[in-house]
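Pasting a predicted model and its sequence here:
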Amino acid sequence: MKGALRFLLPAAAFLVLAVFLYIGLFQDPGRIESPLIGKAAPAFSLESLGDPAWKVGSDDFAGKPWLLNVWATWCAGCRDEHDALLAIARENRLPMMGLNSWDDRALALQWLTELGNPYVSVAFDPEGRTAIDWGVYGAPETFLIGADGRVLHKLIGPMTPEIWQRDFLPLLAAGSGP
Amino acid sequence: MRRLALLAALWLAAGPAHAIDSGPAFADPAQQERYEVLIQELRCLVCQNQSIADSNATLASDLRREVRELMEAGRTDAEIRSYMTDRYGDFVLYRPPFSARTWLLWAAPGLLLIGGLAAAIVVVLRRARVARNNPASLDEDADPS
Amino acid sequence: MIPELGHFALVLALLLALAQSIFSLAGAMRSHPAWMAAGRSAVVGQFVFVALAFGALTTSFVQYDFSVEYVASHSNSQLPLLFRVAAVWGAHEGSLLLWALILGGWTLAVTALSGGLDAPFRSRVIGILGLISIGFLLFMLLTSNPFNRLVPAPADGLDLNPVLQDFALAVHPPILYCGYVGFAVAFAFACATLLEGRLDAAWARWTRPWTLAAWLCLTVGIALGSWWAYYELGWGGWWFWDPVENASFMPWLAGTALIHSLAVTEKRGLFKSWTLLLAVTAFSLSLLGTFLVRSGVLISVHAFASDPARGVFILAFLIAVIGGALGLYAWRAPRLKSTAGFEWTARESFLLFNNVFVVAALGLILLGTLYPLFIQALELPPVSVGPPYFDLVFLVPMLPLLTLLGVGMHAAWKRGLLQSWRRRLTGVAVIAVVGAVVAGLAVYGDLRPMTTIGFALAIWVMGSSLLIPISRLRARQALPAAVLGMVIAHFGFGLATLGITGVTSFKVEENISLAVGEAATIAGHDFRLTELKRVDGPNFIGVEATLVVSRDGEAVTTLRPQKRLYNSGGNPMSEVDIDVGAARDLFAALGDDLGQGRWSLRLQYKPLVRYIWLGALLIALGGGIAAFDRRYRRKEVAQDAPAALATSASR
């Protein structure tokens, strides 16, 4: 039966397809990896949320690792992660900057008063321009920036203590080592 | 969410969002057309399967604004696209750029057509040879009935 | 009580589907007439119980039984009756029930109309259809039961998504599903043939009308969906290459290839294994589409709420059904041989090339739709494949397809004999090129290459189709239904090409802002906003704009687009208004209140857009006429049956 092998081709092709479909079932098609990972963090200098005369910039923490958390008051996930952020701030391991994007200054200040402030400083980005520079497409997002100014990791979605332990701390340990 | 089209029973989280770009048109119609083509080819990241032209998400309107400003600043289409991919990756382009990841996609039309035509020509030539060698085979019909 | 009865009916239907498969397949294997008869009775029972379950769910909707979770999630007390009924298939669980009902209906029809078939073959077909029913009923009962109760019952339901509250969309799923599920018949015929390991012309003759019927439902379903997207979603677009649209288009393309390939197998006994493969493929792609839409593996605006458990179940079902059929194919298809020959200009050649182009188009859409999934599974950075890709690559097979189609439909079987057509076809070709140039220059004042090619091919296909009835009538020859159907369908394809070319090349779309009393000019038409007023409906509040459209000072029409906010919440919806015309549509959608009495509006001029759907309907009509050709009628086939039996006995 030479030539009969070609009749196996459709079944073989289908099996390959099925393997891909199976893998696909357990992945999130909406997950978009940031092209910024490993690259220098985009620079910005914005008004502070609390005081328009004060500038908050990407080089405020130059030389040490820091976190950038993008949030807004209209974002439900931001409320969910707030306690986790406060806990991280209490650990006092590294400074966390807030980037308040697409938001209203008064509402944002009220939010921090009510829920507590995990941030060392908060940059105010009402038109989302800085957020776009950072490739943000939904709040909350949290970036880990290394001591060399490169983006080490990006989390899309709410921070939890588990994610902090699992995804952030090992990178921090590796980044601060020799 | 205009694309909420075919299969009807589709269920979505949000209702249809209708983007009417209310920014001013470019004075030059050629620029306006360039702008429209560009925003049609950029994918909105928060709204599943829509271009930034079609979505009324905040991010989409901000990205339209970025495109407009980059055009006004005299940037080329390629520069505007790389501005977007630097921030959001190739995911943002509805027309995937040719790369190691996408060569198969772009080679597929040629491969499929050449492969298919070659196979069909082989079959046609073989059947024509059957017909030449055995003219009676020309009058064979499928069913004896 | 009624929902529990519905649930119970589903369980009974599952048991009957099991009986249908086991008795039919075992009966066929052992040529046991009583078992085969039992299998056929189970078909009737299964259909009755699925219909009872469907009736139970419909009753729950009609009677506002919000204690049923599915009813509470997809309707409310303000929803009109028509949409309460349509809400039955408005989401995942109910649409599966509709699938099962339609599959039961097709199975019943096959059982009732296949008395002329060889008994074991008929039983195998019924048994395989039963296996598919088992899969769907199990899927529903295990992962997606529409009869689940809510305790405590809410006082009122949520709502049917406002975009789905539309007549075209209410009837769209049943028609579309008739198409998807209808390919199960061709699939079952193919599998039964592979099981028996022989294929005679009766097989092709039996499969063809069923395939045509399913294909015409799918054609109408796709056209309705496209038309609905055009007017309901406020965009004026008619095709978006969304994965869900592709999921319906791929089986359609496979079905298109199949009916052309079946023609050759029926007439000449050629391409047997290829035709069987297409029959398996068409239904496999229907199932794949179901998987893609319901498992959440692709990003689509249409996707059903996804659940990995459902995904795993459908994938297992896909592997069983498609993998099983393709395995059977690999095992049995090599035995199928044919000895007939044809000259290279014969109709057989052209139909083969048709298959090459249609299947290439299918392959490109499949690849483009699944490519992001492949890339992601390989853990590479994600890519998007969107309309700019599909628009471009789809042309690659379509241009040669249209070109060859004009010649191919005149080629005779076996020998081609195209010489007699040469002069007439040259005439049509000249008319096509001249017509395209004249239309481009005179009507639209533009002569872009793709536009000219599109118009020329459209006129070429339409003119070439018309040559057939003209010359047949002139020569006082008969015009059999199969030929007439082919002519109409091909003419419709040309007409759709004309519409697509026209609207793609010359549409004008503008977003503008107007206050009452102001006007804007789009493609020579002045749109004057004369009034803005409040309009309220049974379950929404809204605003309506009145736009008086005139051309050169003469009144053309008045458009009244609305913007609605449904009581059930969600984003505001735009109800567009369209002035329909033979040459163009004028299209107005109301956008946002910009303050100070100004509103944003989207105004569009859409030349020839109607011909896309008119063409699609002609394609479906052609399929319908061809399905009723004399040779497929029951009596004739019944006469052939003894002959078919005799052939099989002699082997």
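Done, it's in. Numbering: from 1, shown residues only, chains lettered A, B, ... in the order given.

With adjacent residues omitted, what lies nearest to residue B:26?
residue B:32 (4.2 Å; Cβ to Cβ, 6 or more residues apart in numbering or on different chains). No exception for glycine: its C-beta is placed from N, CA and C like everyone else's.

how many neighbours does the closest residue to residue C:167 other than its chain neighbours have?
Distances taken as Cβ to Cβ, 6+ apart place residue C:82 nearest to residue C:167, at 7.3 Å, with adjacent residues excluded. Residue C:82 has 13 neighbouring residues, counting by other Cβ atoms under 10 Å in any protein chain shown.

for chain A, what spans make up the helices?
A:9-25, A:76-91, A:105-115, A:129-133, A:161-163, A:169-176 (DSSP state H).

Go through those and name the closest to residue C:41.
helix A:9-25 (34.4 Å; Cβ to Cβ).

check whether that closest one contacts chain C.
Yes - applying Cβ under 8 Å from any Cβ of the partner chain, one finds helix A:9-25 touching chain C at A:10-11, A:14-15, A:17-18, A:20-25.

Stretch B:123-142 too?
Yes - Stretch B:123-142 is in contact with chain C by Cβ under 8 Å from any Cβ, via B:123-125, B:127-132, B:134, B:137-142.

Of those residues - the most surrounded one?
So for the residues of stretch B:123-142 next to chain C (other Cβ under 10 Å), the most neighbours sit at residue B:127, 25 neighbours.

in the helix or strand encompassing that one, what counts as buried?
Using DSSP states H and E, the element containing residue B:127 is helix B:103-133. Neighbour-count burial for helix B:103-133, with 16 or more other Cβ atoms under 10 Å in any protein chain shown as criterion, is recorded at B:105-106, B:108-109, B:112-113, B:116, B:120, B:123-124, B:127-128, B:130-131.

same question, stretch C:430-450
Buried-residue list, stretch C:430-450, by 16+ other Cβ under 10 Å: C:432-433, C:435-436, C:439-440.

quick one: it to chain centroid distance?
32 Å (Cα atoms, centre = their mean, to the nearest Å).

what pLDDT does residue 106 get?
All of this refers to chain A. You'll see residue A:106 listed with a pLDDT of 94.

Switch to chain C, please.
Residue C:106 carries a pLDDT score of 97 in this model.

what number of residues lie near the nearest residue to residue C:433 once chain neighbours are set aside?
Nearest in space to residue C:433, with sequence neighbours left out and distances taken as Cβ to Cβ, 6+ apart, is residue C:456 at 5.2 Å. A count of neighbours around residue C:456, defined by other Cβ under 10 Å, yields 24.

Could you pull up the residues touching residue C:456?
C:432-433, C:435-436 (Cβ atoms under 8 Å, 6 or more residues apart in numbering or on different chains).

Now do residue C:422: how many residues are near it, please.
Neighbourhood size, residue C:422 [other Cβ under 10 Å]: 11.

in a helix, that's where it is, yeah?
Yes - under DSSP: H, G, I helix; E, B strand; the rest coil, residue C:422 falls within a helix.

how close does it get to chain A?
38 Å (Cβ to the nearest Cβ, to the nearest Å).

swap in residue C:210?
In terms of Cβ to the nearest Cβ, residue C:210 sits 22 Å off from chain A.

That residue touches residue C:107, doesn't it?
No - contact criterion Cβ atoms under 8 Å: residue C:210 and residue C:107 do not qualify, at 11.4 Å.

So between these two, which is more surrounded?
Neighbour totals were compared for residue C:210 and residue C:107, and residue C:107 leads with 29 against 23 (other Cβ under 10 Å).

ok, now which ones touch the residue nearest to residue B:94 when sequence neighbours are not counted?
Nearest non-adjacent residue to residue B:94, counting by Cβ to Cβ, 6+ apart: residue C:386, 2.9 Å away. With contact set as Cβ under 8 Å, 6+ apart, residue C:386 has these partners: B:41, B:43, B:51, B:94-95, C:241.

and which of the residues you listed is nearest residue A:48?
After measuring those against residue A:48 - Cβ to Cβ - the closest member comes out as residue B:43, at 33.6 Å.

how far off helix A:76-91 does the lowest-mean-pLDDT helix or strand in chain A point, in degrees?
Lowest by mean pLDDT, DSSP states H and E among the helices and strands of chain A is helix A:169-176, with a mean of 78. Per axes from the mean of the first three to the mean of the last three Cα atoms, to 10 degrees, the angle that helix A:169-176 makes with helix A:76-91 is 50 degrees.

Show me what from chain A comes close to chain B.
Looking at chain B, the residues of chain A close enough under Cβ under 8 Å from any Cβ are A:30, A:32-36, A:102, A:127-129, A:132-135, A:137-138.

ok, now with 6 Å
A:32, A:35, A:102, A:128, A:135, A:137-138 (Cβ under 6 Å from any Cβ of the partner chain).

Quick check: the gap between residue A:121 and residue A:100.
According to Cβ to Cβ, to the nearest Å, residue A:121 stands 11 Å off from residue A:100.

picking that back up, for residue C:362, see how far away the residue nearest to residue B:94 is.
For residue C:386 relative to residue C:362 (Cβ to Cβ), the value is 19 Å.

Check residue A:121 too.
56 Å.

Of those two, which one has the most company?
Taking neighbours as other Cβ under 10 Å, residue A:121 and residue C:362 compare with residue C:362 leading, 25 against 20.

OK, contacts around that one?
Applying Cβ atoms under 6 Å, 6 or more residues apart in numbering or on different chains to residue C:362 gives the contacts C:250, C:253-254.

Report the secondary structure state of it.
Residue C:362 is classified as helix under three-state DSSP.

Over to residue C:158?
coil.

ok, now which ones touch it?
residue C:73.

hmm, try it at 10 Å
Contact partners of residue C:158, counting by Cβ atoms under 10 Å, 6 or more residues apart in numbering or on different chains, are C:66, C:72-76, C:568-569.

In helices, which of these fall?
Reading helices off the contacts of residue C:158 with DSSP H, I get C:72-74.

Make JSON lines from those residues and add distance to residue A:96, neighbour count and pLDDT to it.
What follows is those, written out as JSON lines (distance: Cβ to Cβ, whole Å; neighbours: other Cβ atoms under 10 Å in any protein chain shown; pLDDT from 0 to 100):
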{"residue": "C:72", "distance to residue A:96": "43", "neighbour count": "21", "pLDDT": "91"}
{"residue": "C:73", "distance to residue A:96": "40", "neighbour count": "21", "pLDDT": "88"}
{"residue": "C:74", "distance to residue A:96": "43", "neighbour count": "30", "pLDDT": "88"}
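
Kindly present those residues as a markdown table, with separate columns for distance to residue C:156.
Below are the ones in helices among the contacts of residue C:158 laid out as a markdown table (distance: Cβ to Cβ, whole Å):
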| residue | distance to residue C:156 |
| --- | --- |
| C:72 | 8 |
| C:73 | 12 |
| C:74 | 12 |
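
Now residue B:130: closest residue in space, sequence neighbours ignored.
Distances taken as Cβ to Cβ, 6+ apart put residue C:341 closest to residue B:130, at 3.4 Å, once the chain neighbours are dropped.

Next: residue B:31.
residue B:71 (6.6 Å).

next helix or strand past the strand or helix carrying that neighbour?
Applying DSSP H and E as the criterion places residue B:71 in helix B:58-72. Toward the C-terminus, helix B:58-72 is succeeded by helix B:77-88 as the next helix or strand (DSSP H and E).

Centre-most residue in the chain?
As the question left the chain open, I've gone with chain A. Nearest to the geometric centre of chain A sits residue A:142, at 2.8 Å (Cα atoms, centre = their mean).

could you do chain C instead?
residue C:218 (2.7 Å).

what's the span of stretch C:574-591 from first residue to last?
7 Å (Cα to Cα, to the nearest Å).

Go ahead and measure how far it is from the middle of the chain.
Counting by Cα atoms, centre = their mean, stretch C:574-591 is centred 25 Å from the centre of its parent chain.

list the buried ones in that stretch?
Those would be C:574-579, C:584-591, for stretch C:574-591 by 16+ other Cβ under 10 Å.
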